[in-house]
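In: got a predicted model here, sequence first, then my questions.
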Amino acid sequence: MKDIAKRFAQNPLLSPADLIPSTEGLEITCLLNPGAFKFQGKTWLIVRVAERPKQKEGIISFPILTETGDITIIEIEKNDPELIATDARVINYNGTDYLTTLSHLRLVCSDDDINFYEPEDYPKLVGEGILETFGIEDCRVARIEGKYYLTFTSVSDNGVGVSLRTTTDWKNFEKHGMIFPAHNKDCAIFEEIINGLYYALHRPSSVDIGGNYIWIASSPDSIHWGNHKCIAKTRKEQWDSKRVGAGAAPIKTEKGWLEIYHGANDKHQYCLGALLLDLNDPSKVLARTEDPIMIPTADYELTGFFGNVVFTNGHILKDDNDKVTVYYGASDEFVCAANFSVKEILSLLKYN
């Protein structure tokens with residue numbers, strides 16, 4: 001399999017120690033899966049920051065939000081017979097699933113695409129209300145006619161769904177609530193209105209019939225979605241055999257909408273691949289890569305909080321419309337970047 005990513009020599013660009021915890025008593029465990037956008041001449045990332053209390057011997061402790069937004073800490077003894085803790089990310093206690101960390105979204109910016117810092121006077125985005133008591137995660141950013149559309153995963157014991165907030169200045173946000181109810185995630189809105197409609201990729205999931213597939217939907221207003229269609233499924237015994245999901249907003253090319261997506265196999269290895277969608281009807285898949293375009297190979301991608309993972313939901317297309325800088329999460333712990341050639345990705349596509 002061919003890996004065509006040109007990784008930044010400075011990777012990881014951000015590690016948990018580079019940011020300050022949001023709340024006294026918590027520590028940052030992971031930085032994950034940033035959305036990316038241009039604003040005021042700078043490159044910005046909206047990073048998922050996952051926190052938990054410092055762990056004590058013999059006890060698992062994790063934070064959740066109350067409906068009013070306060071943080072409460074739950075502590076469970078590791079030898080409790082009602083505890084199932086075989087996954088670093090999710091535990092089950094008394095029949096209920098909990099995340100081992102609580103995530104919020106943090107803004108960082110850069111003048112050189114490499115060195116990122118937290119700007120002053122920009123808010124952290126945190127979970128709010130009964131549908132976000134386990135936090136908010138993995139924000140994708142689309143810019144349409146001067147407005148930024150933020151789609152992110154809202155998590156609670158009610159399930160996992162996609163919510164939307166919009167902004168023009170990154171200081172004031174309009175909240176539109178959950179636009180794709182549970183169980184759904186990996187939502188990327190196209191950065192162009194096509195034939196009068198907004199389009200979005202999303203991923204409903206089923207543990208029984210069906211699976212973790214990429215779907216597309218359209219909307220007259222970006223809030224009410226319909227015309228759902230499944231456009232890409234997992235492929236048996238291949239690198240994307242277990243689940244697939246959209247990355248960031250598709251890139252418009254002469255040949256079609258190019259979507260960089262993630263796929264995982266039954267060993268929980270996450271790689272990146274690509275789809276090509278019709279320009280006028282993006283529900284039509286024209287082509288797909290057979291092999292991944294990026295595979296976990298660097299040390300920071302192979303080992304970490306949850307190793308063997310490269311996962312993206314953010315990129316910046318350069319002025320020549322060929323080079324694209326993909327910002328990605330590595331091992332569910334670090335923020336990294338790699339350059340790709342759009343032309344090279346297009347050359348690897350296999351047409352239907």
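Out: Cool, got the structure.
In: what is the least confident helix or strand in this protein?
Out: Lowest on mean pLDDT, DSSP states H and E among the helices and strands of the chain sits strand 96-99, with a mean of 90.
In: backbone phi and psi for residue 244, please?
Out: Torsion angles at residue 244 (phi, psi; degrees, to the nearest 10) stand at phi -130, psi 150.
In: how much space between it and residue 285?
Out: 12 Å (Cβ to Cβ, to the nearest Å). Bear in mind the C-beta positions are built from the backbone N, C-alpha and C, glycine included.
In: intersection of neighbour lists for those two?
Out: Jointly contacting residue 244 and residue 285 under the rule Cβ atoms under 8 Å, 6 or more residues apart in numbering are residue 232.
In: more crowded one of the two?
Out: Taking neighbours as other Cβ atoms under 10 Å, residue 244 and residue 285 compare with residue 244 leading, 23 against 18.
In: these two touch, right, that one and residue 215?
Out: No: with contact defined as Cβ atoms under 8 Å, residue 244 does not reach residue 215; the gap is 10.5 Å.
In: quick one: common contacting residues for the two?
Out: By Cβ under 8 Å, 6+ apart, the residues touching both residue 244 and residue 215 are residue 203.
In: show me how far the helix or strand just after the least confident helix or strand of the chain is from its chain's centre.
Out: Once the chain leaves strand 96-99, the next helix or strand it forms, by DSSP states H and E, is strand 102-110. On the basis of Cα atoms, centre = their mean, to the nearest Å, strand 102-110 sits 12 Å off its chain's mean C-alpha point.
In: can you give me the buried ones in strand 102-110?
Out: For strand 102-110, the neighbour count (16 or more other Cβ atoms under 10 Å) marks 102, 103, 104, 105, 106, 107, 108, 109 as buried.
In: looking at the residues you listed, spot the one nearest residue 72.
Out: Among these, residue 102 lies closest to residue 72 (Cβ to Cβ), at 10.1 Å.
In: so what's that closest one up against?
Out: 26, 50, 51, 52, 62, 63, 64, 65, 71, 127, 134, 135.
In: I'd assumed residue 200 was in contact with residue 225.
Out: Yes: taking Cβ under 8 Å as the definition, residue 225 is a contact partner of residue 200 at 6.7 Å.
In: if we can go back for a sec, the contacts of residue 102 in strands, which ones?
Out: 26, 50, 51, 52, 62, 63, 64, 65, 71 (DSSP state E).
In: and the pLDDT for residue 66?
Out: For residue 66, the model assigns a pLDDT of 86.
In: isn't it right next to residue 72, touching?
Out: Yes: the pair residue 66 and residue 72 passes the contact test of Cβ under 8 Å, sitting 6.0 Å apart.
In: residues near residue 283, how many?
Out: As a burial measure, residue 283 scores 16 neighbours (other Cβ under 10 Å).
In: which residues of the stretch 201-350 of the chain fall in strands?
Out: For the stretch 201-350 of the chain, applying DSSP state E, counting those that start in this stretch gives strands covering 214-219, 226-232, 243-246, 251-252, 257-264, 270-277, 285-289, 310-317, 323-330, 334-341, 349-351.
In: between the contacts of residue 102, which is nearest residue 144?
Out: Among the contacts of residue 102, residue 127 lies closest to residue 144 (Cβ to Cβ), at 25.2 Å.
In: dump the residue contacts of residue 194.
Out: Contacts for residue 194 (Cβ under 8 Å, 6+ apart) come out as 279, 280, 282.
In: how close does residue 242 sit to residue 87?
Out: Counting by Cβ to Cβ - residue 242 and residue 87 are separated by 14 Å.
In: who has more neighbours, these two?
Out: residue 242 (17 against 12).
In: just checking, that one touches residue 262?
Out: No: counting by Cβ under 8 Å, residue 242 does not reach residue 262; the two are 10.9 Å apart.
In: what touches both of these two?
Out: Counting by Cβ under 8 Å, 6+ apart, nothing touches both residue 242 and residue 262.
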